[in-house]
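**Student:** coords below, sequence missing:
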DNA sequence: GAGCCGTGGGAGATCGATCTCCCACACTCT
DNA sequence: AGAGTGTGGGAGATCGATCTCCCACGGCTC
């Protein structure tokens, strides 16, 4: 009933543990093809699986990459984790996803757990630009760590992110090109670098007096709150830029409830290009992150030399996806 | 630069490895309080963390529970994973979540990976009632496995699920109590036990000739397709029961696009009580799973004797959550 | 045919923690 | 005082794999 060990396989194949290991672990050393076949055969027959702990202990490597995201309740982070999982899997590894439940305390705990020898490297989407840095810095001293999608102050490590400022400019240019000039921003989660950067870019482009609605978190509920405020000010606004898709969805549904036409009276844009956007009528214009490229780069940094991981922010170019919430003639 | 080992802590504290281990691992054996303090102190000063692989190898236990869900893109499974994570964490363990991307092949691979000594026990929400059984059975021979939310044929292990038939009856009774009698079902993913049970219960209650729309998968896109079909038949239908929230959301948004009033003309119910439901106007009536209780029971089974894990299905009572999509007077 | 070299198999050390003994010491009881 | 008992520390074995040698063997050269 106990699981078969390498020793058992070796005995069954009539070889030593060393030979069995060479065959099964794929060590780059020649083994007699006949012996190899016998080992493979024995392993299959006994249902042998390498003991992960033993291998990890001996080799000091786990073949696993971890990622800590702020919250899986936000579909954008699910999408992000998925992009990473695909790349990791393609490289023959395994991705472990941890949810920080939007709490820096839980985030620190998850980082700690993953780092006690469970992963070879760690990606972190920090909950907070200010408060996540310490835990990340501590982690980065013990294993390769790369920040993803967001950065954190004092993290001591590199971040692979979107160029949020460019994204905001893309949206504003698009809206202005459509003749919308009374643009408001619905921003959330300024504690995160992405939230803060989007707000900063908007303010930089539109002036400090520009209309903004600030919300604590990236949730659809926050989006509904924003919707009510915008509906009250409908006369002053002809477009709303939302800092996240989940906000946009809540906002649009609330606006429609208040009989505000979208995009007729107010155009709306989202951010992150999640599947949620297709849910409503009209579908919502948004910003697509080049997640595949970002994932590839982040994993390369993780495996590369530590010197490349100095604290620094790499920004990837966003892509505008136009849908009917801004341009009624746009095709889905 | 290399991580401190227990040996280093012991040396720094002037004790043997055994004593250091007793202090740090919390072995139930008395240690001189003074020595204990010195060990704690040394561990803190050196930044010592137990090497997870070494401990797992020696003790044969990892403190980790795994769960494989069909897809994190469905918010219900995120919610489910979250309920499990809370219970596991409360018990001092860690939950690892794997996404099967709705593929039985990837599901089998994820089960395999987690089981090679990475987890003490495994929960599986099987992708398919027919095709997932084999992989689960194989897994169940090697470690404690419990199915969650869905069962699978020939899995050889116990399943902790919702009483889907009771849930469908709750919905039908509710609708009929409101005077709705021309009820259609939008069912998806009959390959899963939950999809199949919901369809079967509906057919049992309403007769084989009852109106049904069958869809391949639990997605909002499928919900939109269903919406178009229902809109065409609007004259024959005054209520629609959806087999999942994601379907209901897509359906309602499509119906509204076709100027069908909800619930005026057609009442709609969802299934799973996810946050999505609050997104639309009207919010959607749904079925709430007792996830906390189910999680507790599943984890107890995982830790309990293997004998309790004979192939069998345990069903938990659903709860009806009435919202405005069926009863316009209902409060949110 | 003796020495060399290349090839491939095996014995034993090793990774870092925990567990199983055994032993020293102090204390109690007769 | 000597034996018995209990407490707590330490040396060494152990978990299961991989890695580092070393060695045997066969073929080759001169």
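**Tutor:** Alright, I've got the coordinates. Please read all numbers here as calculations on a predicted model, not as lab measurements.

**Student:** residues in chain A within reach of DNA strand D, list them.
**Tutor:** Selection of chain A residues close to DNA strand D by Cβ under 7 Å from any atom of the strand yields A:2-3, A:5-7, A:17-18, A:21, A:24-25, A:27, A:48-51, A:54-55, A:57-59. Heads up, the C-betas are built off the backbone N, CA and C, glycines and all.

**Student:** so what's whatever residue of the stretch 101-250 of chain A ends up closest to chain B closest to, chain neighbours aside?
**Tutor:** Ranking the residues of the stretch 101-250 of chain A by distance to chain B (Cβ to the nearest Cβ) places residue A:117 first, at 4.0 Å. Take residue A:117 and drop its neighbours on the chain: the residue closest to it by Cβ to Cβ, 6 or more residues apart in numbering or on different chains is residue B:52, 4.0 Å away.

**Student:** Tell me which other helices or strands whichever strand or helix holds residue A:214 touches.
**Tutor:** Using DSSP states H and E, residue A:214 maps to strand A:212-215. If contacts are counted by 3 or more Cβ pairs under 8 Å, 6 or more residues apart in numbering or on different chains; DSSP states H and E, strand A:212-215 sits against strand A:183-188, helix A:193-206, helix A:220-232.

**Student:** Please repeat the previous calculation with a cut-off of 6 Å.
**Tutor:** Other helices and strands packing on strand A:212-215, by 3 or more Cβ pairs under 6 Å, 6 or more residues apart in numbering or on different chains; DSSP states H and E, are strand A:183-188, helix A:220-232.

**Student:** among these, which is the most enclosed?
**Tutor:** When the helices and strands packed on strand A:212-215 are scored by mean count of other Cβ atoms under 10 Å in any protein chain shown, the highest mean neighbour count falls to strand A:183-188 (a mean of 25).

**Student:** Paired strands for that strand, with orientation please.
**Tutor:** Partners of strand A:183-188 in the sheet, by DSSP bridges, are strand A:212-215 (parallel), strand A:239-242 (parallel).

**Student:** what about the first one, distance to the chain center?
**Tutor:** Just to be clear, that refers to strand A:212-215. Distance of strand A:212-215 from the chain centroid (Cα atoms, centre = their mean, to the nearest Å) equals 24 Å.

**Student:** Need the contact partners of it.
**Tutor:** Strand A:212-215 has contacts (Cβ atoms under 6 Å, 6 or more residues apart in numbering or on different chains) with A:185-188, A:222, A:226, A:229.

**Student:** ok and the residue in the stretch 201-332 of chain A nearest DNA strand C?
**Tutor:** Residue of the stretch 201-332 of chain A nearest DNA strand C, by Cβ to the nearest atom of the strand: residue A:306 (18.6 Å).

**Student:** burial measure for that residue, as a count.
**Tutor:** Residue A:306: 10 surrounding residues under other Cβ atoms under 10 Å in any protein chain shown.

**Student:** Kindly report the same for residue A:213.
**Tutor:** By other Cβ under 10 Å, 22 other residues sit near residue A:213.

**Student:** For residue A:241, see how far away it is.
**Tutor:** Residue A:213 sits 11 Å away from residue A:241, going by Cβ to Cβ, to the nearest Å.

**Student:** And for residue A:259?
**Tutor:** 22 Å.

**Student:** neighbour count winner among those two?
**Tutor:** Legend: neighbour count by other Cβ under 10 Å for residue A:259 and residue A:241, higher for residue A:241 (30 against 9).

**Student:** so what's that one scoring on pLDDT?
**Tutor:** Note for residue A:241: predicted pLDDT of 95.

**Student:** Distance check, the closest residue to DNA strand D within the stretch 201-332 of chain A against residue A:275.
**Tutor:** Relative to DNA strand D, the nearest point of the stretch 201-332 of chain A is residue A:303 (16.8 Å; Cβ to the nearest atom of the strand). As defined by Cβ to Cβ, residue A:303 lies at a distance of 31 Å from residue A:275.

**Student:** which residues in chain A form helices?
**Tutor:** All helices of chain A, identified by DSSP state H, fall at A:6-13, A:17-25, A:33-46, A:52-59, A:75-90, A:104-115, A:133-140, A:164-177, A:193-206, A:220-232, A:245-257, A:291-303.

**Student:** out of those helices, deepest packed?
**Tutor:** It is helix A:245-257: most buried of the helices of chain A by mean count of other Cβ under 10 Å, with a mean of 26.

**Student:** got the angle between that helix and helix A:75-90?
**Tutor:** With axes from the mean of the first three to the mean of the last three Cα atoms, to 10 degrees defining the directions, helix A:245-257 sits at 150 degrees from helix A:75-90.

**Student:** Can you name the residues in contact with helix A:245-257?
**Tutor:** A:74, A:186, A:188, A:218-220, A:223-224, A:226-228, A:231, A:242, A:262, A:268, A:270, A:272, A:274, A:276-277, A:280, A:284, B:279-281.

**Student:** so that helix versus helix A:220-232, what angle?
**Tutor:** 40 degrees.

**Student:** hang on, the earlier thing: residue contacts, the residue nearest to residue A:117?
**Tutor:** Shown in contact with residue B:52 (Cβ under 6 Å, 6+ apart): A:116-118.

**Student:** just those residues now: which is nearest DNA strand D?
**Tutor:** Ranked by distance to DNA strand D (Cβ to the nearest atom of the strand), those are led by residue A:117 at 12.6 Å.

**Student:** quick revisit: save the contacts of strand A:212-215 as TSV, and put in distance to residue B:64 and pLDDT too.
**Tutor:** Output for those, formatted as TSV (distance: Cβ to Cβ, whole Å; pLDDT from 0 to 100):
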residue	distance to residue B:64	pLDDT
A:185	42	93
A:186	40	91
A:187	38	88
A:188	33	81
A:222	34	79
A:226	40	87
A:229	45	88
